[in-house]
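Colleague: Compute the structure for the input listed below.
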Amino acid sequence: MQNNLANKKFGTRQIAVIGMLSAITMVLGSSGLGFIPLPMAKATIMHIPVIIGAIVEGPIVGATIGLIFGLFSVFQNITNPNLLSFAFLNPLVSIAPRVLVGVMAYYGYRLFSKRNTVLSVGLGAAVGSLTNTFGVLTMIYVLYAAQYASAKGIDPATAAKVIYGIALTNGIPEAIVAVLIATPIVVAIKRVLNK
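Modeller: The predicted structure follows:
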């Protein structure tokens, strides 16, 4: 019984991973380095530390880093408001999807983890990235479609098309970038840790 309880607590390594990867997320966000210009759009890489933490240390660590990422997103939208800050002040938009990134990345990875490490890490990274994109945009659509349309100056009837168009133009490149960055990092860490 005591061994099961010990497994539920964060160890020193898990706390260090949470702190380090959360700090990287905040630096990426506050410095502007968290965005990579692509021909069609800007791809964010701020969710990649969440994905790495989840695959290396498990869904609870990933969800914790995602929570810190989401809280930082709220903080950014309070201190540096923009056109869509009204949506990102809501934890259902800014925090919940980011927490799910860690959970979904881990279980996407676990789906093939016994077969091929590179494939399973890549799948986990893609699932985590798409969870971020579709989670945030779906919550914006569900909760703020009319306000989003007004802020963007578009017809409310086309809000879904515009929002999910962004999901495709940003989501796919972000998932590709997440796979390309997270896979070699996680594979190298797993080799060092013999996991």
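
Colleague: When you work out contacts or count neighbours from here on, use the C-alpha atoms and nothing else.
Modeller: Noted.

Colleague: How far off centre is the helix or strand where Met20 lies?
Modeller: Met20 belongs to helix 12-31 when assigned by DSSP states H and E. From the chain centre to the centre of helix 12-31 is a distance of 13 Å (C-alpha atoms, centre = their mean, to the nearest Å).

Colleague: And for stretch 113-130?
Modeller: Relative to its chain's centre, stretch 113-130 lies at 14 Å (C-alpha atoms, centre = their mean).

Colleague: which intervals of this protein have sub-threshold pLDDT?
Modeller: For the chain, the stretches with pLDDT under 70 are 1-9, 37-43, 195.

Colleague: try 80
Modeller: 1-10, 32, 35-43, 194-195 (pLDDT under 80).

Colleague: Nearest residue to the middle of it?
Modeller: Among the residues of the chain, the one closest to the centroid is His47, at 3.3 Å (C-alpha atoms, centre = their mean).

Colleague: Name the next helix or strand downstream of the helix or strand where Tyr106 lies, please.
Modeller: Using DSSP H and E, Tyr106 sits within helix 96-110. Later in the chain than helix 96-110, the nearest helix or strand by DSSP H and E is helix 117-152.

Colleague: Quick check: buried residues in the helix or strand that comes right after that following helix?
Modeller: Next along the chain after helix 117-152, taking DSSP H and E as the criterion, comes helix 159-193. Going by neighbour count (16 or more other C-alpha atoms under 10 Å), the buried part of helix 159-193 is 159-160, 162-164, 166-167, 170-179, 181-183, 186-187.
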